[in-house]
Structure formats: structure tokens, C-alpha cells
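1. Sequence and predicted structure are below.
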Amino acid sequence: MPTFAPTNSAGIDVSDRQLANSQLGSLEYDPAPESAAIAKLESSYGLFIDGGFSDGEAHEQFATVNPANEETLSMVAQASAADVDRAVSSARRAYDKVWSKTTGAQRSKYLFRIARLIQERSRELAVVETLDNGKPIRESRDVDIPLAAAHFFYYAGWADKLDHAGFGVNPQPLGVAGQIIPWNFPLLMAAWKLAPALAAGNTCVLKPAETTPLSALVLAEILEQAELPPGVVNIITGDGSTGAALVDHPDVDKIAFTGSTEVGRMIQQRTAASHKHLTLELGGKGANIVFDDAPIDEMIEGIIDGIFFNQGHVCCAGSRLLVQESVADEVLRRLVRRVEQLRVGDPLDKNTDVGAINSAAQLLRIRELTAFGESEGATRYTSSCELPQKGYWFAPTVFADVAQSHRIAREEIFGPVLSVLTFRTPEEAVAKANNTNYGLACGVWSEKGSRTLWVAERLRAGVIWANTYNRFDPTSPFGGMRESGFGREGGRHGLEAYLNV
Amino acid sequence: MSDARLDVRKTYKLLINGAFPRSESGRSYEVTSAKGAFLANAAQGSRKDVRDAVTAARGAQAKWWNATAYNRGQVIYRLAEMAESRRDELAEHVALAEGMNSRTSQKTVSASIDRIVWYAGWTDKIAQVLGGTNPVAGPFFNFSIPLPSGVVGVISVQESSLLGFVDAVLAPICVGNTVVALASEARPTPAVLLGEMTSSSDFPGGVLNVVTGLTGELAPVLAAHEDVDGLDLSGVTFEVGDELAALAAGSIKRVFRPHEKESDSSLRRLRAFVETSTVWHTIGQ
């Protein structure tokens, strides 16, 4: 794997890299790992259906591994079509007999309970998340788990106020919601799906991602502790075939999917000839636009957060950096220096910035696409950091001299890889930012408010961060335009996805 | 009666990009009144006409959206004025097309014009109803605004040749989209008339494009077109709608399918083709 080139085509000075190595790179930190024992994982988990755990009908299991060392964490059940049917029937019964007769105020209190229980068990959940996903403990502790609790807390308050949500008086739930979530923010995505659905009065069948089922299973324990009525939430683990069975089940009223555009398209096709309501939160190729007047220190940190947060496994990642030409050399120079300082390694270490790639399959995809980056003529900078021997790892990488036609500028890499392009005028920045089939998120960096707003209203993106990036909040609607999907999660808007309005 | 004046009849054409072409295919199809009398040889639009209309709609979208909401409201209100001044003509066509007596057709035209006025008033209010600020936990000013989806394909309802058409095309237009509409196949003339009126109402060319022709031939082209962002399936049966919805999935289109009885006051049509865009801006000294 190539490391730093001594210079690039723009003639970047190597002295900065030497500075980084001599002064900052030489700083050693003592390891500060969180204990894996805090996770208190069981050796195997069943399916959470009708208020309790049970084996799948075929008794099939698969291993979920720690991507940082490839060790098996636990065995989980592979739900078959028959298990999906059992989960959907349970959700239907709970909807008809219990949940549709539970008042908004009661639903509200269950959701507040769940929020509190997540907070109480936050340290355990953070370790579980980091073990199963590979993300740095700093992120699971400070972002994933607190935001998951906040999401339940926020929607708890909506459950008894739906008349005031702007969808007319007495809006009705849809019924049984099938929810399929990705592996990049396992518990947070579960919260994004379950909280608004339950607040609106639906019952749920949730399918966590194949490689990250564990935090959802701990959440199932939490639902038991909250004494949520049996069947209101069912959590079934499995691979793509489990998800497909859920999508195709005739007694499901709503499908909510977060994942790739490829799978989303298939789900939209498969549900087209049905009564099923659908919301999709799909891929992205976010542009992070940097103007020459942007405050450079904050901006460099923002670019780093935008692409290396969660190893770049973020659908809204700022994976295309658009830099105004007049500052491009300096931005690239400082960016490369900063990338060299990222600490890559043990996700459980509190000082780690970049953790493990979630799976071997994802690592393969990142490697394939970055190979195209080089063969298509972009200039590659890869951090010289040492990578652990075991597990799935990819060193933070920046490509300069990227053209819009390059695959690394068009396709979602979903890894710690940034493509840098340049522009001259705001019009050109907007045109390049919008030159994608996706439309999820963009960033704008400038001190000039009028220009930021001018750009923001022209970007075809559901979320725009100005002088910041990758911020999330339960009150703030999130979701895409164009092939990034439709529907919003978060805020008042997020209720619409679960109401028959 | 050799001295009786022979009336001058109109050729019914398409509306694409503000111009009134015949179909590029040169084809036409016979349109009759509800009682079977000859009404017109309507242009039988082709796949190419649909694609040209999409190109026109895409080209017009930024200009239409960048006009102020106040301005868009005035343009739509102007359409109501034009329709009012030609209401007898509209009523005659609605009566012939739908087999109504003149009193009922006049009432339908009144309802249609009032509906246009309703939409004219929405342009500068919808952002306040669907948007707002979000109290995020941090030093950020966070607001959400509804943006148009872009280009919307409308397969207009077959029975209600004017009122149904007005609802289907003006809802997306009033929130900033541009539209390619397939008029009712058997009853296209009221939609053609309304299209003509937009060209004397300050509608920029391409904001509303009207294609007449065979729905079964044209709808799949519109549904599968990659540069169409949204699709209104009001004018097809449930079974055909299922097929078109599957085609629409190819480019993840937003699909609107009407409820059995769509309430006049529902905002479903207005919400169907808007995208919530949320902006976070830092707050600091």
C-alpha cells in the first residue's frame, strides 16, 4: 500500500510531514482501553418475538464477530421466513389487542422509560456497540448511545400530542411496521426507527444488520425491563433473506429501510404493487464545499470529522471535498498533515480516532474502489499509521487531483477515503456538488453568511451543514432527495412516515 | 343556407416549453364527446414528445423555483383570471367531454377556478406550514424548508377532465416543481385549453407541459424516465399503477397515489412532491 508521496503534482512540500512525524507523530500515548467485559454478552441470542427470546424454527445460528480482531463475540439466530411470519403475527396481535387501545399518554411513558433505561445502561451499550461494529469507543460513548436515548426521549413527548403535529386532528397509525436497519449506527438506527413508530401508535418488527445485531438484542432486554407489552416490538436477526421475507410479508403495512440505494431500489420495486407505505434512507456522496474565506482550523477539523467519523461508514459522509482553487494547496497540505495524526487502532481505546472497518466484505469494496482511484489518475495519500495484524483495517486516505468522472467521485465508498476536487466560483461549486444521483448531505464552509445561504438553497441535499459537519439531533429532520431516498427521520417531519396522512 | 358562416375550428396541440407543437410523430387520434359526436383530432403524443417535455420541464425548474413565492402566487392567480374570462369555453368543453348539462359544467368550471385561486394562495405559505426551526441541543441555528422535488410527471385523472387536471398539476407547480402532464386520454380538450391559458398568464415556458395521447403508451415512458423526480398516478387503474410504480422505483421517484376519496382540504398533494431540506448553521461570536 503506497504511503505518502514525497510531493504531489501540486508540488506540496514534504517538510510538513516531517514536522508531523518529528513533533506530533513521536508523541506516545499509553493505551487506555475500555474493558470488553462491561458488555456482559451472552454466548448466544435467540429471536425477540412476542415479548421473549426464542430459537428460530430451524435452530440456525450465525456468528457475529469483532471486526477489530475477527474473534466471535456471540452466536445469533438466523430468522427464516416462518420466523418472520411469527414476528409479524405477534406485532399484528399486539397492534389489534393492545397498542391501538393504549392511549398516547401511556405510549409516551413507555418511551420515556426506554430512554431512561438506555441512559442507565449506556456504558454497557457503548462497549457492545464498539465490539460489534468496530467504531471507536469515543464515538459510541459520546454520539451513538446518547443520541439513541435522546431520540426516544424526544418522540416520547410526541405520542400524546399527535393532534398538534400538523397532520390534521386524530391522525392514525399505519399498523405493523417492518424496519430494516444498517450496520453503521446499529443502536441509533434502531432508535430512529422504533421511537417515532411507537409514538405514532404502530407496532414493529425490527431487523438489525447481519454484522451488528448485538446492541439491538440488548435493547430487547431493555424493552423487557420497560415492560413494554409483548409483541409491540419484535427484533429478529438474520441476513438479507430475512429482510426480504419481511419486505414481502403481506401483513406488513409499512417498510422503513436504511441502507444502500441498490437494495432500496429493489425494495421500492417489490413493494410497488402493494398497499405498503415506504420510506427509504439510502446512500450518499456528500460534497463538503470549502470557500477561500473559511476559518481554516475549524474547517480542517470539519473535513476530518466529515469523512473519518465512524471510519467513513456514514451515508451522509462528506466524501467529496470541493475546495476553492485559491486555497486548494494549503487545504490539501494541512489536511494530509492532519490525516497523518489520526490515531488508528483498538476501537476500545479511548484515544482512538479511527477504528476497524465493519466487515471483510466492506474492506474489499473500499480496496476495490481506491484501486480505481489510482488507476484513473488521482494522487493518493495514505496515512503511514501502523495497522493491527488481525481484523479489518484501512488506513485513512485522501485522493487529490480527482475528476468528476472518476469512480471515487461518483460512487459511495463508505470508508475512510476522501476525494478532493476544486472549483473557482460559487456557481461551479453548486454545479459540481449537485452532479450526482444522490442528494443526502452537503457541507458549506465560509464566513460569509449570505453566500452560505445562497449555496444552501441551491444544493440538492436533505441536510446541509454550514461551518460544521455530521451533526445529528432528534429534533432535526434527516433524509435524502433523489436517489438518496424519501421520507424524513427526526423532528415533527419524522412522524409523517408512521401516520396514515 | 349557403350564407351561414362556417365556424373556424381549432387544431388541438401539445404544450411543450411554452410552444404548441403537433406531435413530432405527426399522429393524431379522434376525440369524441361523451355522446359520441366528433370533437377533435387531438395530437397523439409520442415517446419523443414526452422526453422533449421532460427536457423542457427540467430547463424551466430552476427559474420557476428561483422566482419569489409571491411572484409564483401572482402567476397562478393570473391563470385563474384567464380561466374566468374564458369560462364559457371551458364549460362547453367540460360539458361535451364529461356529458354534463351546462349548469353542472358551469359549476365544475367555477370549482376549478376557485381551486386555482386556492393554490395561488399557497405558494408563500407552504414553507411556513411544512417548515420551521428545530431546537437542536447545541450552538446551532437549525431550520427546515420545503424544496420542490424537481420535475413531476402527472398522469391526470381520466374522468374529471378539468377539475382533476387542475388539482394534479397545480399542487406540484405551486410548491416550485415543473410538470409534464398526460391529459385525460378520452377527454383531453379542457386540459389543452388550460394549457393555452398558462401561456397568457406569465407562466415561464416549460413550467407546465401538456401531452395528449394514449395513456398506455406514454405513461410508462414518463414513469421510467430517469430525469423525472416524482410521479402522480391519479389517472390509471390500480393494476396499471402498480406496474408504473415499479418502473418509478428505477430512479427512486416519489410516487403519489390518491386515496379513494381525496379530501379537498388535504395537504397530501402539496406534501407529495416537496423535499425537506434542513440547514445547520453554527452560532458563535
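-> It's in.

2. Nearest residue to the closest residue to chain B within the stretch 351-500 of chain A in space, ignoring adjacent ones along the chain?
-> Chain B sits closest to A:Asp473 of the stretch 351-500 of chain A, with a gap of 3.8 Å, by Cβ to the nearest Cβ. Where C-beta positions appear, they are placed from N, C-alpha and C, glycine not excepted. For A:Asp473, the nearest residue in space outside its immediate sequence neighbours is B:Val136; the separation is 3.8 Å by Cβ to Cβ, 6 or more residues apart in numbering or on different chains.

3. same check, this time on A:Glu281
-> The shortest distance from A:Glu281 to any non-neighbouring residue, by Cβ to Cβ, 6+ apart, is to A:Thr258 (4.2 Å).

4. How many neighbouring residues does the one you found have?
-> The number of residues packed near A:Thr258 is 24, by other Cβ atoms under 10 Å in any protein chain shown.

5. dump the residue contacts of residue 156.
-> The chain I'm using is chain A. Residues touching A:Ala156, when contacts are defined by Cβ atoms under 8 Å, 6 or more residues apart in numbering or on different chains, comprise A:108-112, A:114-115, A:195, A:199.

6. wrong one, chain B
-> With Cβ under 8 Å, 6+ apart as the criterion, the residues that contact B:Ser156 are B:164-165, B:168-169, B:181-184, B:191, B:232, B:234-235.

7. Let me know the pLDDT of residue 109.
-> In the absence of a named chain, chain A is used. According to the per-residue confidence, A:Lys109 scores 98 in pLDDT.

8. wrong one, I was asking about chain B
-> We have a pLDDT of 98 for B:Val109.

9. dump the residue contacts of the residue nearest to A:Glu281.
-> Contacts for A:Thr258 were tallied using Cβ under 8 Å, 6+ apart; they are A:180-182, A:189, A:192-193, A:280-282, A:315.

10. can you give me the strands in chain B?
-> Under the criterion DSSP state E, chain B contains strands at B:28-32, B:38-43, B:132-133, B:140-148, B:151-155, B:178-182, B:208-211, B:230-232, B:254-256, B:274-282.

11. Roughly how far does A:Gly490 sit from A:Ser326?
-> Taking Cβ to Cβ, to the nearest Å as the measure, A:Gly490 and A:Ser326 are separated by 37 Å.

12. same question, B:Val94
-> Noted for B:Val94: a distance of 61 Å to A:Ser326, by Cβ to Cβ.

13. Those two - which one has more neighbours?
-> When B:Val94 and A:Ser326 are compared on other Cβ under 10 Å, the one with more neighbours turns out to be B:Val94, at 28 against 12.

14. Okay, the nearest residue to the more buried one once chain neighbours are set aside and B:Gly164: tell me how far apart.
-> The spatially closest residue to B:Val94, leaving aside those adjacent along the chain, is B:Ser105, at 4.4 Å (Cβ to Cβ, 6+ apart). In this structure, B:Ser105 lies at 14 Å from B:Gly164, with Cβ to Cβ as the measure.

15. Double-check that A:Ala177 belongs to a helix.
-> No. Membership of A:Ala177 in a helix is not supported by DSSP: H, G, I helix; E, B strand; the rest coil, which gives strand.

16. I'd assumed A:Gly201 was in contact with it.
-> No. No contact is recorded between A:Ala177 and A:Gly201 when judged using Cβ atoms under 8 Å, the distance being 10.4 Å.

17. Spell out which residues of chain B are next to chain A.
-> Chain B has residues B:129-130, B:132, B:134-138, B:140, B:142, B:144-145, B:147, B:149-150, B:229, B:242-243, B:245-246, B:248-252, B:254-255, B:266, B:268, B:271, B:275-282 near chain A, with proximity defined as Cβ under 8 Å from any Cβ of the partner chain.

18. what number of residues lie near the spatially closest residue to A:Asp401 that is not a sequence neighbour?
-> Of all residues not flanking A:Asp401 in the chain, A:Thr379 sits nearest, at 4.6 Å (Cβ to Cβ, 6+ apart). A:Thr379 sits with 19 neighbouring residues when counted by other Cβ under 10 Å.

19. do the same with B:Asp49
-> The local packing of B:Asp49 (other Cβ under 10 Å) involves 26 other residues.

20. Same check on B:Lys48?
-> Once other Cβ under 10 Å is used to define contacts, B:Lys48 is seen to have 12 neighbours.

21. That one reaches B:Ser25, doesn't it?
-> Yes. Distance between B:Lys48 and B:Ser25: 7.2 Å, which falls inside the contact criterion (Cβ under 8 Å).

22. What backbone torsions are found at A:Asp30?
-> In terms of degrees, to the nearest 10, the main-chain angles of A:Asp30 are phi -70, psi 150.

23. And the strands of chain B: which comes nearest B:Ala223?
-> In this view, the strands of chain B are compared for proximity to B:Ala223 by Cβ to Cβ, and strand B:230-232 is the closest at 5.7 Å.

24. Quick check: residues of the stretch 351-500 of chain A near chain B?
-> Within the stretch 351-500 of chain A, the residues that sit near chain B (Cβ under 8 Å from any Cβ) are A:437, A:439, A:449, A:452-453, A:456-457, A:459-468, A:471, A:473, A:475-479, A:481-486, A:488, A:491-493, A:496.

25. which of those residues count as buried?
-> Neighbour-count burial (16 or more other Cβ atoms under 10 Å in any protein chain shown) is assigned, among those, to A:439, A:452, A:456, A:459-468, A:471, A:473, A:475-479, A:481-486, A:488, A:491-493, A:496.

26. among these, which are in strands?
-> Secondary-structure check on those using DSSP E: residues within strands are A:463-466, A:485-486.

27. how about TSV for those, with pLDDT added?
-> What follows is these, written out as TSV (pLDDT from 0 to 100):
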residue	pLDDT
A:Val463	98
A:Ile464	98
A:Trp465	98
A:Ala466	97
A:Gly485	98
A:Phe486	98
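
28. now for the residues you listed, which pair is the farthest apart?
-> Farthest apart among those - using Cβ to Cβ - are A:Ala466 and A:Phe486, which lie 23.8 Å from each other.

29. Report pLDDT for B:Ser263.
-> pLDDT, read off for B:Ser263, is 70.

30. Please report how far the closest residue to B:Ala19 other than its chain neighbours lies from chain A.
-> Closest residue in space to B:Ala19, ignoring its immediate chain neighbours: B:Gly205 at 7.0 Å, by Cβ to Cβ, 6+ apart. Relative to chain A, B:Gly205 is positioned 22 Å away (Cβ to the nearest Cβ, to the nearest Å).
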